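Here's my sequence, what's the structure:
(one chain, ligands or ions: 1)
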Amino acid sequence: MRKVWSSPNQTGELMSVRVLILGVGTVGKGVLKTILGKPEFSVCGIASSKGYIYSENGLGQEALKQMAAGKKMSDAADFKQGSAMELVKEKEYDVLIELTTTDIKNAEPAFSYMGEALVRGKHLVTSNKGPLALHFHELDSLAKKNECMMRFEATVGGAIPIFSTIRDYLADEKVGSVKGILNGTTNYILSRMFEERIPYATVLKEAQDRGIAEKDPSYDVEGIDAAAKLAIIGASVFGKKNAYSEVKRTGITHVTPEILELAAQRNYRIKLICSADSKGMEVSPRFVGLSDPLASISGTTNAVTIETGSAGPLTLVGRGAGQNETAAAVIADLVNIEKNTR
Ligand SMILES: NC(=O)c1ccc[n+]([C@@H]2O[C@H](COP(=O)([O-])OP(=O)(O)OC[C@H]3O[C@@H](n4cnc5c(N)ncnc54)[C@H](OP(=O)(O)O)[C@@H]3O)[C@@H](O)[C@H]2O)c1
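Next comes the predicted model:
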């Protein structure tokens with residue numbers, strides 16, 4: 001594996017890992033806040049959609065603190081208008097942290113940013129689903145060819161360590177299937193419909209008012225977000241080649257309080273379940289027996305059950321999104337890269 005910062009500087013100290021952060025929105029600010037307390041990392045560049053700031057020896061802590069607290073990057077004295085690609089392609093750094101807006105139709109421009117960084121031998125951490133759902137194997141091949149690490153824990157299940165559990169803890173296990181609740185918005189809607197016996201449209205409005213669902217909720221309620229996450233699992237755990245297009249997908253828009261009630265009378269809950277194994281991948285509302293740990297997952301919580309050969313089923317439960325939760329997964333990946341490449 002490429003060791004880019006292993007050599008001590010002239011005074012014998014180990015150099016800090018230079019990170020370039022693309023995207024300073026909800027997740028980017030969370031990552032900045034945490035990184036500021038970690039002297040082993042130095043943020044040398046940050047980009048948004050309009051421009052960037054960069055300093056080869058690391059940006060000043062005060063400026064970063066202000067940005068983490070919400071100050072606009074464009075107000076910084078050294079702000080330059082331009083594309084983030086200029087930074088990715090031309091500047092020096094060790095790890096690219098890619099946290100820009102996701103696009104599930106063509107994955108751009110994030111896919112190009114990631115590809116360019118890997119070609120240049122830079123390690124990659126991302127929370128951005130689109131590029132991995134659509135192009136996992138291209139990015140994985142580039143990472144291997146250029147001896148880079150690619151980490152993407154934050155793309156699926158927020159703070160739940162799905163990929164590191166499979167990669168590290170279950171390294172010697174054959175994973176038979178992965179099944180879970182991976183979209184908090186739809187789980188919230190189904191939970192509220194069941195608890196209050198109220199129709200889909202009423203709960204959707206409530207979720208939108210509470211900021212849990214978007215104004216255009218189709219990405220969540222039609223199962224698109226869940227399918228993108230499942231595709232990343234399908235590609236990385238089961239080697240699926242065209243993972244996103246192979247996911248069979250049904251959303252929750254046709255679920256009624258009556259169906260939920262009928263399921264309850266027979267000791268089932270209805271959940272939007274994502275499942276993947278070597279045969280295929282599916283996102284759909286399904287009957288879940290009360291003895292299944294997924295049946296009791298309510299609200300915006302996520303959960304995933306990993307079926308293994310000798311360790312049996314393991315269920316991990318946690319918050320599937322949010323600034324601190326997603327940032328925690330990004331930082332865990334960054335620390336993992338630092339530990340593996342020093
Ligand atoms: N929020 C969560 O809880 C969560 C959880 C898991 C995964 N994610 C994923 O993490 C990523 C970031 O999410 P977020 O909630 O932080 O999004 P966000 O608040 O909308 O922030 C997105 C950031 O990306 C920047 N950006 C957009 N297009 C860009 C471009 N072409 N080049 C450079 N920067 C660009 C934006 O810049 P401007 O401000 O200039 O527009 C903004 O700083 C997304 O892919 C999202 O799906 C989020």
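
For residue 314, the count of nearby residues, please.
17 (other CB atoms under 10 Å). To be clear about C-beta, it is placed using only N, CA and C from the backbone, and glycine gets the same treatment.

distance of the residue nearest to it when sequence neighbours are not counted from residue 107?
Residue nearest to residue 314 in three dimensions, not counting chain neighbours: residue 306, with 4.9 Å by CB to CB, 6 or more residues apart in numbering. Noted for residue 306: a distance of 26 Å to residue 107, by CB to CB, to the nearest Å.

do residue 324 as well
Using CB to CB, one gets 26 Å for the distance from residue 324 to residue 107.

just checking, residue 143 touches residue 150?
Yes. Assessed by CB atoms under 8 Å, residue 143 is found in contact with residue 150 at 4.1 Å.

Please identify every residue contacting each of these two.
118, 124 (CB atoms under 8 Å, 6 or more residues apart in numbering).

of residue 324 and residue 107, who's got more company?
residue 107 (22 against 13).

Quick check: that one touching residue 135?
Yes. At 6.1 Å, residue 107 counts as touching residue 135 under the criterion of CB under 8 Å.

what's the burial count for residue 205?
Neighbours of residue 205 using other CB under 10 Å come to 12.

Ramachandran angles for it?
Main-chain torsions, residue 205, degrees, to the nearest 10: phi -60, psi -40.

repeat for residue 244
With angles defined as degrees, to the nearest 10, residue 244 sits at phi -60, psi -40.

residues touching the closest residue to the ligand within the stretch 201-342 of the chain, list them.
Nearest residue of the stretch 201-342 of the chain to the ligand (CB to the nearest ligand atom) works out as residue 321 at 3.5 Å. Contacts for residue 321 (CB under 8 Å, 6+ apart) come out as 158, 184, 300.

Now do the SS call for it.
When classified by DSSP: H, G, I helix; E, B strand; the rest coil, residue 321 comes out as coil.

Roughly how far does it sit from residue 211?
11 Å.

need the contact list for the residue nearest to residue 86 when sequence neighbours are not counted.
Spatial nearest neighbour of residue 86, chain neighbours left out: residue 52 (7.3 Å); criterion: CB to CB, 6+ apart. Residues in contact with residue 52 (CB under 8 Å, 6+ apart) are 45, 46, 73, 79, 80, 82, 84, 86, 87.

Might one say that residue 231 is in contact with residue 241?
No. In this structure residue 231 lies outside contact range of residue 241 using CB under 8 Å: 10.8 Å.

Which one's more surrounded, the two?
residue 231 (28 against 10).

show me where pLDDT drops low in this protein?
Judged by pLDDT under 70, the chain has its weakly predicted residues at 2, 4-14.

Mind jotting down where the helices sit in it?
According to DSSP state H, the chain carries its helices in the segments 26-35, 61-68, 84-90, 110-119, 129-145, 162-164, 184-196, 200-209, 218-221, 224-238, 243-246, 257-265, 323-341.

Deepest-packed of these, please.
Ranked by mean neighbour count, the helices of the chain are led by helix 224-238 with a mean of 26 (mean count of other CB atoms under 10 Å).

Minimum distance to the ligand, which residue of the stretch 1-150 of the chain gives it?
For the stretch 1-150 of the chain, CB to the nearest ligand atom, closest residue to the ligand: residue 25, 1.8 Å.

ok, the residue nearest to that residue when sequence neighbours are not counted to residue 278 distance?
Using CB to CB, 6+ apart and skipping residues adjacent in sequence, the residue nearest residue 25 is residue 99, 7.1 Å away. Separation of residue 99 from residue 278 (CB to CB): 32 Å.
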